[in-house]
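K.L.:
My questions concern the predicted model and sequence given below.
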Amino acid sequence: MYNRNFNRSRSRKFGQKHPQFRKRGGFSGRSQRGENIDPSKFINKAVVVKEADHFVPKHKFQDFKVDQRLIRAVVAKGYKMPTPIQDQVIPYIVSGSDLVGIANTGTGKTAAFLIPLINKIILDPRQQVLIVTPTRELALQIDQEFKFLARGMRIFSVCCVGGVGIGSQISELRHRHNVIIGTPGRLKDLIERRVINLSRFNTVVLDEADRMLDMGFINDTRFIMNGLPNQLQVLFFSATISREIEKIIKEFLNNPVEISVKTRETAENIEQDVIRIGQGNTKLNVLNSLLAKQEFRKVLIFGRTKHGVKKLSKVLSNKGFRTDSIHGNKSNSQRQKALGLFKESRIQILVATDVAARGLDIADISHVINYDIPATYDDYIHRIGRTGRWDKRGMALTFIG
């Protein structure tokens, strides 16, 4: 139980709103960049899911019409039964349909499209697949999962992202490959250099499409899509659907199957609450008190700016916490090193900008802390989705005041 006021008031139960957060007066959830988010949206009591309520898939992995080597790789990765998104989309992808998949983060979406696409290449090695993602971290993560699932099958991928030298990627692209995974800007650069020939592709995946729109990549994505052949299987994945996203779906996809396994904005197993910084206290003092608690085993802290994240990480390190950070000013190798340390639990705390808010699948994050209020509620949803993954319990705390 936490005392969310951190002044001298009595502690309150999670989910019970502080009087200052009532509609009239009091504190506002306005972010530094403008969207006014009602602080009550940062509060949610986690639901204890009973065994009888657990999802029962229609299929076993063995039921899917895919190569048995893929089934063995899936089992080796630790998947026992398909997740809801995997259960529903894999048969449609195997059949060659265009598809729109809407699912909360942390639901096994990457494997949902990689399994049938690897099988597609096994059946016809001439198949070429392009996977477009908004961030280099997500691209690298997809590439790692692809390499695990396709191990020993002589199917190869190239990861093309910014922040690293383009020369090595050009060199890799000259060797045999079936899959290119990349970010829109770097892909556009390689296409304009005539290193990537879009006419060769049979399948394209647009992953985290809502984030590509948010990050201003829509023009680069449109450039890529317009260069692809007309006969093309398009797979479109997003955690949220807006009017703009609906327009893009109509523009890029041909009579797609629409699958939504998203039942609510945020996962039921994520406990959400606010922490009000009382007068005479500081966010840093409150954060220090929280991180010293035993239950804060593996903590992802979100800040608003690159400078602020760097500074906070340094301060926490000086206080004796095992801490690192990722932000836009770090090189790709530095970011991957920090993520690796966090994944392996060799550090307790990762401080990050919103570059880490999407797509990252890191096991057993106990807490997400919004040290700075996110710019939009969509950003909030994706930030807190880093915890409570794969039906585990998680905690999300947002500092206000």
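P.N.:
The structure has been received and is ready for your questions.
K.L.:
May I ask you to confirm that residue 397 belongs to a strand?
P.N.:
Yes. Per DSSP: H, G, I helix; E, B strand; the rest coil, residue 397 lies within a strand segment.
K.L.:
Which positions are bridged to the nearest residue to it once chain neighbours are set aside in the beta structure?
P.N.:
The shortest distance from residue 397 to any non-neighbouring residue, by C-beta to C-beta, 6 or more residues apart in numbering, is to residue 369 (5.0 Å). In short, each C-beta sits where N, CA and C put it, glycine included. In this entry, residue 369 is beta-bridged to residue 301, residue 397, by DSSP bridges.
K.L.:
these two touch, right, residue 369 and residue 301?
P.N.:
Yes. Contact criterion C-beta atoms under 8 Å: residue 369 and residue 301 qualify, at 4.7 Å.
K.L.:
Overlap in contacts, those two.
P.N.:
residue 287 (C-beta atoms under 8 Å, 6 or more residues apart in numbering).
K.L.:
buried sites along stretch 345-357?
P.N.:
Neighbour-count burial for stretch 345-357 flags 347-357 (criterion: 16 or more other C-beta atoms under 10 Å).
K.L.:
From residue 181, how far off is the residue nearest to residue 397?
P.N.:
Per C-beta to C-beta, to the nearest Å, residue 369 is found 30 Å from residue 181.
K.L.:
Contacts only, for residue 152.
P.N.:
Residue 152 neighbours (C-beta under 8 Å, 6+ apart): residue 69.
K.L.:
Verify the contact between residue 136 and residue 163 for me.
P.N.:
Yes. Residue 136 lies in contact with residue 163 (C-beta under 8 Å); the separation is 5.6 Å.
K.L.:
list residues touching both of the two?
P.N.:
Counting by C-beta under 8 Å, 6+ apart, the residues touching both residue 136 and residue 163 are 332, 335.
K.L.:
Which of those two has more residues huddled nearby?
P.N.:
Using other C-beta atoms under 10 Å, the more surrounded residue of residue 136 and residue 163 is residue 136, with 21 against 15.
K.L.:
What sits closest to the more buried one if chain neighbours are left out?
P.N.:
Using C-beta to C-beta, 6+ apart, the closest residue to residue 136 is residue 161 (3.7 Å).
K.L.:
same thing with residue 60?
P.N.:
In space, residue 60 is closest to residue 81, 6.7 Å off (C-beta to C-beta, 6+ apart).
K.L.:
just checking, the one you found touches residue 62?
P.N.:
No. Judged on C-beta under 8 Å, residue 81 makes no contact with residue 62 at a distance of 10.6 Å.
K.L.:
These two: who's more crowded?
P.N.:
residue 81 (13 against 10).
K.L.:
Residue 130 belongs to a helix?
P.N.:
No. Counting by three-state DSSP, residue 130 is not found in a helix; it is strand.
K.L.:
Turn the buried residues of stretch 345-357 into JSON lines, columns for pLDDT, distance to residue 129 and secondary structure.
P.N.:
Output for the buried residues of stretch 345-357, formatted as JSON lines (pLDDT from 0 to 100; distance: C-beta to C-beta, whole Å; DSSP: H, G, I helix; E, B strand; the rest coil):
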{"residue": "347", "pLDDT": "96", "distance to residue 129": "34", "secondary structure": "coil"}
{"residue": "348", "pLDDT": "96", "distance to residue 129": "38", "secondary structure": "coil"}
{"residue": "349", "pLDDT": "97", "distance to residue 129": "37", "secondary structure": "strand"}
{"residue": "350", "pLDDT": "96", "distance to residue 129": "31", "secondary structure": "strand"}
{"residue": "351", "pLDDT": "96", "distance to residue 129": "35", "secondary structure": "strand"}
{"residue": "352", "pLDDT": "93", "distance to residue 129": "29", "secondary structure": "strand"}
{"residue": "353", "pLDDT": "91", "distance to residue 129": "30", "secondary structure": "coil"}
{"residue": "354", "pLDDT": "86", "distance to residue 129": "28", "secondary structure": "helix"}
{"residue": "355", "pLDDT": "77", "distance to residue 129": "25", "secondary structure": "helix"}
{"residue": "356", "pLDDT": "73", "distance to residue 129": "26", "secondary structure": "helix"}
{"residue": "357", "pLDDT": "67", "distance to residue 129": "26", "secondary structure": "coil"}
